[in-house]
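J.: sequence below, structure please.
(one chain, ligands or ions: 1)
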Amino acid sequence: MKDVLNIIGTRYSCRKYTDVPVTQEQIDALVKAALYAPTAFDAQPFKLLVVTNKELIKQLNDEAMVIIEATNKPYYEKIMERGGQPYYNANAMFIILKEDGNPQAAGGLDDINTGIMAQTIALAAYGLDLGSVIAQSVGIPFGGDAGADLKAKVNWPEGYSYGVGVLVGNPDMTKEPHELSFDKVIYTK
Ligand SMILES: Cc1cc2nc3c(=O)[nH]c(=O)nc-3n(C[C@H](O)[C@H](O)[C@H](O)COP(=O)(O)O)c2cc1C
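T.: Numbering: from 1, shown residues only. Next comes the predicted model:
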C-alpha cells in the first residue's frame, strides 16, 4: 500500500503491459474508486464502460491503428516509436461516457467530470500496483466505419458520447515522473 502523496508523486503513464490479466477483484476496486470521483452538483451524468475482453481490446487497438495511420501521420509515427500498439497490450479498458444534453455540458463541466474520474482510476490503479494511462485515443475506433459495430460490442448505451479512456494492466515498464513546472505556479500571499 502507498500513501496518497506517494501515489500522486510516482504515478506515470504506463505504455507497456505484461500478459498477466487484471483480476476481477482489482477491477471491482477500480470501479468503486471511479464511482467515488466527484461530479459537479453530484449529477453523475456519466456511464462507465469496463472492457476486460482481451480479444476485443486487441480489435479496438487494431482499428484505432488503421484510423490513425489514415488520418494522422505524425501521431502514427509516434505510436510506431512506442511499439506500434496504441493500447499498449493493456488488459483492461475503462471508457468514460458523458450523457448527451446534460445541463453540465454547456459549461464544459461534464468534460471536467470525466477527467477527474479518469485520474481517480489512474491513481487507484497505481495504488494497486497496476499501471495505467489516461488515453484520449481510446475513443478513436468508435468514430470510424466500424464504430457502430464496436459500440455494440462494448454495450455503449444510446444517448451518451465519448469522454475519455483509461488503459490498465500489469506494468512491463517503469518511468520517472514528468518534470515539475514550478515556474507555472503563481503565488499570492
Ligand atoms: C486528457 C489526456 C489524454 C491523454 N491521451 C493519451 C493517449 O491517447 N495516448 C497516450 O499514450 N497517452 C495519453 N495521455 C498521457 C499523457 O501523454 C501523459 O500523461 C503525459 O505525457 C505526462 O506523462 P506522465 O503521465 O507519465 O506523467 C493523455 C493524458 C491526458 C491527461
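
J.: contacting residues for S137?
T.: 64, 68, 86-87, 165 (C-beta atoms under 8 Å, 6 or more residues apart in numbering). C-beta: built from backbone N, CA, C; applies to glycine.

J.: if you set the cut-off to 10 Å instead, what comes out?
T.: 60-61, 64-65, 67-68, 72, 75, 79, 86-87, 164-165, 167 (C-beta atoms under 10 Å, 6 or more residues apart in numbering).

J.: how close does it get to A105?
T.: 22 Å (C-beta to C-beta, to the nearest Å).

J.: quick revisit: most neighbours out of the contacts of S137, which is it?
T.: L167 (30 neighbours; other C-beta atoms under 10 Å).

J.: P103 touches L109, doesn't it?
T.: Yes - P103 is within contact range of L109, at 8.6 Å (criterion: C-beta atoms under 10 Å).

J.: list residues touching both of the two?
T.: 40-41, 43, 45.

J.: follow-up on the earlier one: what about P103 and L109, which has more around it?
T.: Comparing P103 with L109 by neighbour count (other C-beta under 10 Å), the higher total belongs to L109, at 18 against 13.

J.: close enough to count as contact, the more buried one and D42?
T.: No - using C-beta under 10 Å, L109 makes no contact with D42, being 11.8 Å away.

J.: narrow the contacts of S137 to those in helices?
T.: Counting by DSSP state H, those place 60-61, 64-65, 67-68, 75, 79 in helices.

J.: thank you, goodbye.
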